[in-house]
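Colleague: fold the stuff below for me.
(one chain, ligands or ions: 1)
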Amino acid sequence: GDTPDLVVVGAGLFGLTVAQQAAERAGARVHIIDVRDHIGGNAYSYMDEETGAEIHKYGAHLFHTSNRRVWDYVNRFTSFTGYVHRVYATHDGEVYPLPINLGTINQFFHAHYTPAEARQLIEQQAGELAGTDPANLNDKGIQLIGRPLYEAFIKNYTGKQWQTDPAELPASIIKRLPVRFTYDNRYFKDTWEGLPADGYTAWMERMIADPRITVSLGVDFFDESQPYNKKALRAAGVPIVYTGPIDRYFDYALGDLKWRTVDFKEVRYDEGDHFGCPVMNFSDADVPYTRAIEFKNFNPERRERQNPNRTVVWEEYSRFAGRDDEPYYPINTDADKALYARYAELAAAEHGVVFGGRLGTYQYYDMHQVIDTALKAYDDQVMPLLAHVA
Ligand code: FDA
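Modeller: Numbers count the residues shown, from 1 in each chain. Model (predicted):
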């Protein structure tokens, strides 16, 4: 009949991976819905006509993984460029390399420390609060890397991320602050990294280029005026993979899980290259945004196709999310974790529905982790629901 074997709510990387597996491995007819007007979830990108930049609509996305299964899987749908992620920071009128490394340290202290000398200096500076139990994020930061580097590169950036003075933030927000005693400023340590050669959206379109997979966009799972709604599908007993917010699924019955969001402000410049790099952090309090993304610079291999006289930059402003904002980073206080655990119990009792992805499990996941968990969720939870498919 017309009823699909599986309905996937959310066309992000979790939903697309499960849909792809269900069609290929079980021969299932899968229908995907998404409330947005495009597939790809937060990894979606589009081409900016004027500059030739590929704009990552929900913030900068860099693919990296050390997981062989995930790397082999994604390479079925796209090749990757040789892009290697590096980040720079503007502090007090100078540009420094990040993460904090020997180059950052020697520039900051106008020195030529060897790795051993730099290590000794940082240990000595971190000793300021040695043996004390950090009362807040500020004290924790000083304990980890010493006051000078903490105050220059971490304090105000973190304050902007949380819109809160770090002296008022819990120490538990940071576990460690990486400092490298070499000049290596390669951001990721994974075996493989790169950007999808033809863009994120082309990659994700290829994942579902299967006649058994259909998609409806602009469709809200909770809108009962459309056929693929929660109530109707539950009544019909259709297996569901749900990748929307878990608290929303249960109508916020136990309360709201808390998230941070990011607002983007677009700025265009009459020049070919504004920063000379794709990501510039602003470490000081006088610049109100945390960082700026210059999208053209993610794809230097496309220079010939980019506008040499114009560039587009997105400045990022971080803040707490309300129900109508895009939820980006789970806040994950102890209270949030306890609340999520209670929602997870409700989810486990919801037979025939698999909760997945970053919203469905209240977890920050990188793309490779979402794909990994989706492949596992297909094997362990979705495949058994498709046993009847011929
Ligand atoms: P995702 O959010 O992508 O998809 C869920 C989908 O469900 C959405 O499309 C949503 O519209 C839909 N939906 C929700 N409710 C619905 C409803 N009621 N009805 C219908 N549809 C509904 N990762 C990485 O590897 N490298 C990086 O550099 C970055 N950078 C980065 C920056 C920022 C700002 C963020 C927020 C995230 C990253 N990520 C990242 C993480 C990456 O975005 C993430 O791992 C995946 O996009 C998550 O895919 P999901 O499918 O889980 O969720």
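
Colleague: show me the contacts for Glu326.
Modeller: Glu326 sits next to 42, 58, 261-262 when contact means C-beta atoms under 8 Å, 6 or more residues apart in numbering. Any C-beta I mention is one placed from the backbone N, CA and C, and that applies to glycine too.

Colleague: same check, this time on Thr51
Modeller: Thr51 sits in contact with 268, 295-296, 306-307, 310-312, where contact means C-beta under 8 Å, 6+ apart.

Colleague: helix, strand or coil: sort out Ile293 for me.
Modeller: Under the three-state scheme (DSSP: H, G, I helix; E, B strand; the rest coil), Ile293 adopts strand.

Colleague: nearest to the ligand, of the contacts of Glu326?
Modeller: Set against the ligand, the nearest of the contacts of Glu326 by C-beta to the nearest ligand atom is Asn42 (3.6 Å).

Colleague: give the contact list for the nearest residue to the closest one once chain neighbours are set aside.
Modeller: Of all residues not flanking Asn42 in the chain, Tyr58 sits nearest, at 4.0 Å (C-beta to C-beta, 6 or more residues apart in numbering). Neighbour list for Tyr58: 41-44, 326, 328 [criterion: C-beta under 8 Å, 6+ apart].

Colleague: which helices and strands does the worst-scoring helix or strand of the chain on mean pLDDT pack with?
Modeller: Taking mean pLDDT, DSSP states H and E as the measure, the chain has strand 329-330 as its least confident helix or strand, at a mean of 92. The elements that strand 329-330 packs onto, with contact taken as 3 or more C-beta pairs under 8 Å, 6 or more residues apart in numbering; DSSP states H and E, are strand 259-269.

Colleague: picking up where we left off before, out of the contacts of Tyr58, who's near the ligand?
Modeller: 41-43, 328 (C-beta under 6 Å from any ligand atom).

Colleague: now the buried members of those.
Modeller: 41-43, 328 (16 or more other C-beta atoms under 10 Å).

Colleague: so Val241, which state does it fall into?
Modeller: Val241 - assigned by three-state DSSP - is strand.

Colleague: thinking again about what came up before, and the least confident helix or strand of the chain, which strands flank it?
Modeller: Under the criterion DSSP bridges, strand 329-330 sits next to strand 259-269 (antiparallel) in its sheet.

Colleague: buried sites along the strand it pairs with?
Modeller: Buried-residue list, strand 259-269, by 16+ other C-beta under 10 Å: 259-262, 264.

Colleague: what's the domain layout of this protein?
Modeller: Structural domains assigned to the chain are 6-79+193-251+331-385, 87-173, following automatic domain parsing.

Colleague: residue contacts, whichever residue of the stretch 151-300 of the chain sits closest to the ligand?
Modeller: Proximity of the stretch 151-300 of the chain to the ligand (C-beta to the nearest ligand atom) peaks at Gly244, 2.9 Å away. Neighbour list for Gly244: 9-10, 35, 221, 359-360 [criterion: C-beta under 8 Å, 6+ apart].

Colleague: near the ligand, which of these show up?
Modeller: 9-10, 35, 221, 359.

Colleague: and the pLDDT at Arg390?
Modeller: Rather than Arg, residue 390 is Ala. Predicted confidence (pLDDT) at Ala390: the value is 68.

Colleague: what of Gln107?
Modeller: So, for Gln107, pLDDT stands at 98.

Colleague: show me which residues of the stretch 201-350 of the chain sit near the ligand.
Modeller: 220-222, 243-244, 262, 328.

Colleague: dump those residues into JSON lines; add pLDDT as well.
Modeller: Output for these, formatted as JSON lines (pLDDT from 0 to 100):
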{"residue": "Asp220", "pLDDT": "98"}
{"residue": "Phe221", "pLDDT": "98"}
{"residue": "Phe222", "pLDDT": "98"}
{"residue": "Thr243", "pLDDT": "98"}
{"residue": "Gly244", "pLDDT": "98"}
{"residue": "Val262", "pLDDT": "96"}
{"residue": "Tyr328", "pLDDT": "93"}
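
Colleague: show me the strands in the stretch 101-250 of the chain, by range?
Modeller: 192-194, 213-217, 240-242 (DSSP state E, counting those that start in this stretch).

Colleague: mean neighbour count, those: which tops it?
Modeller: strand 240-242 (a mean of 25; mean count of other C-beta atoms under 10 Å).

Colleague: off-centre distance for that one?
Modeller: Chain-centre distance of strand 240-242: 21 Å, with C-alpha atoms, centre = their mean, to the nearest Å.

Colleague: which other helices and strands does that strand contact?
Modeller: strand 6-9, helix 13-26, strand 353-355.

Colleague: go ahead and name everything in contact with that strand.
Modeller: With C-beta under 8 Å, 6+ apart as the criterion, strand 240-242 contacts 6-10, 14-15, 18-19, 221, 233-234, 249, 352-356, 360, 377, 382.

Colleague: ok, back up a step: what's the closest of the buried ones among the ones next to the ligand among the contacts of Tyr58 to Tyr113?
Modeller: Closest approach between those and Tyr113, by C-beta to C-beta: Tyr328, at 37.5 Å.

Colleague: fine by me, thanks again.
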